[in-house]
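Student: Build me a model from this:
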Amino acid sequence: MAKAPSRTARATPPPVSEPACVGPTDISDTLILTEAKRAAVWIGMAALLALTVYLAQPLLVIFGGMVFAAMIDGGARLLGRVLPIGRAWRVTLVLLLALAFLTWTAMFAGSQIASQAAQLPGTVEAQAMRLLEWLESHGMGFKAASFENLVDKLVGGVSQITSAVGGVIGGFTTAFLITVMAIYFAAEPQLYRRGFGWLLPQGQRDHFETTAMIMGRTLRRLLAGRLLGMVVEGVATWLLLAVYGVPMAGLLGLLTGLLAFLPNIGAPISGALMVLVGFSGGVDMGIYCIIVYIVVQVVDGNIIVPMVAKKTADLAPALVLGAQLIMGALFGLLGLILADPLVAMIKVALERQSVRNENS
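Tutor: The predicted structure is shown next:
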């Protein structure tokens, strides 16, 4: 006969679970929960946008370092075609060549350019006032006296540019940070690209890697075209003006080359300065400066720019000009310089996303 189970062997009843407490953030309604998630996404996007605006200047400096790194990387790749040495040595050689060029400019051309830079504001002011007086005398409705303040402001802007050329660099800290970051980026670009890709979801890393490679190639070609145009315009302007004996030919050539980095905006500014200086030496010299400006711009616009545009980002001129105006108004000279590369990078990213959406 089987024994009855002992008290200790009997199964104990399960504990009675207490009802869960509903917290203030718990939402039982599915519709409300979905809308709350959407609202959180929009709030997060707004907060991210506000943070981006607040940190716009440091972010622009970082992007400037990336742009400068692309220039260094392009030079290293170009040297790699003729010098069978390691990448680190090629990057170092590019930096040494750039430093040697800056040193030569400061030693052999610095004093002459600085003296010319000191003369340029007065020449521009005098010629601008002469132009206004001529317009007033021919019944154009202009009053020279009412434009004196405007001329003073314009001359002040010219003085800032020429002072920077002469050696007074207001944004030394920003330029130094951009240079240091560019060296780090150019030394090991794969390290930073992999590090940023690691922050993304695993399914998006391959897409980011390919997009980053295309962005780098586009940026290198875009900057190579800009540098080629700067050299051609600067050297051609200097030689043509020096042959005729135009005053401040070296400074005008240097300004023309530097301003050539700013498409749509730099050429009219350098041309206006050139013509004003030319008319200070007489009507014949002024007409000659106009011819030089037209010839240089025709060669650059019909030969160099189309040749480069075939291998770089096809950017609409109005789009670039609008971006330059907005970036210049928001961030000053640095924003104006980086507007063109930024538009090119955004264009590549949008095109890649469009291709991804079509294939998915």
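
Student: Count the residues that sit near Thr210.
Tutor: 13 (other CB atoms under 10 Å). To be clear about C-beta, it is placed using only N, CA and C from the backbone, and glycine gets the same treatment.

Student: And the average pLDDT for stretch 202-221 is what?
Tutor: For stretch 202-221, mean pLDDT rounds to 86.

Student: ditto for stretch 292-300
Tutor: 83.

Student: centre of the chain versus it, how much separation?
Tutor: How far stretch 292-300 lies from its chain's middle: 25 Å, per CA atoms, centre = their mean, to the nearest Å.

Student: Just the residues contacting that stretch, thanks.
Tutor: With CB atoms under 8 Å, 6 or more residues apart in numbering as the contact definition, stretch 292-300 has outside contacts at 229, 232-233, 236-237, 240-241, 256, 260, 267, 270-271, 274-275.

Student: Of those residues, which belong to helices?
Tutor: Of the contacts of stretch 292-300, the ones assigned to helices by DSSP state H are 229, 232-233, 236-237, 240-241, 256, 267, 270-271, 274-275.

Student: Would you mind measuring from Leu55 to Ile337?
Tutor: Counting by CB to CB, to the nearest Å, the separation of Leu55 from Ile337 is 19 Å.

Student: now swap in Leu262 and tell me
Tutor: Leu262 is 7 Å from Ile337, by CB to CB.

Student: measure Leu338 to Met327 for me?
Tutor: For Leu338, the distance to Met327 (CB to CB) stands at 7 Å.

Student: so what sits against both of these two?
Tutor: In contact with both Leu338 and Met327: no residue, using CB under 8 Å, 6+ apart.

Student: correct me, but Leu254 touches Val235?
Tutor: No. Between Leu254 and Val235 there is no contact under CB atoms under 8 Å: 10.0 Å.

Student: When the two are compared, which one has more neighbours?
Tutor: Leu254 (23 against 15).

Student: Okay, and that one sits in which element?
Tutor: helix 249-259 (DSSP states H and E).

Student: If you average the pLDDT over that helix, what comes out?
Tutor: Mean pLDDT, helix 249-259: 82.

Student: Please state the offset of it from the chain centre?
Tutor: Distance, centroid of helix 249-259 to centroid of chain: 20 Å (CA atoms, centre = their mean).

Student: Show the secondary-structure elements that that helix is packed against.
Tutor: Applying 3 or more CB pairs under 8 Å, 6 or more residues apart in numbering; DSSP states H and E, we find helix 249-259 packed against helix 110-137, helix 148-166, helix 205-244, helix 266-279.
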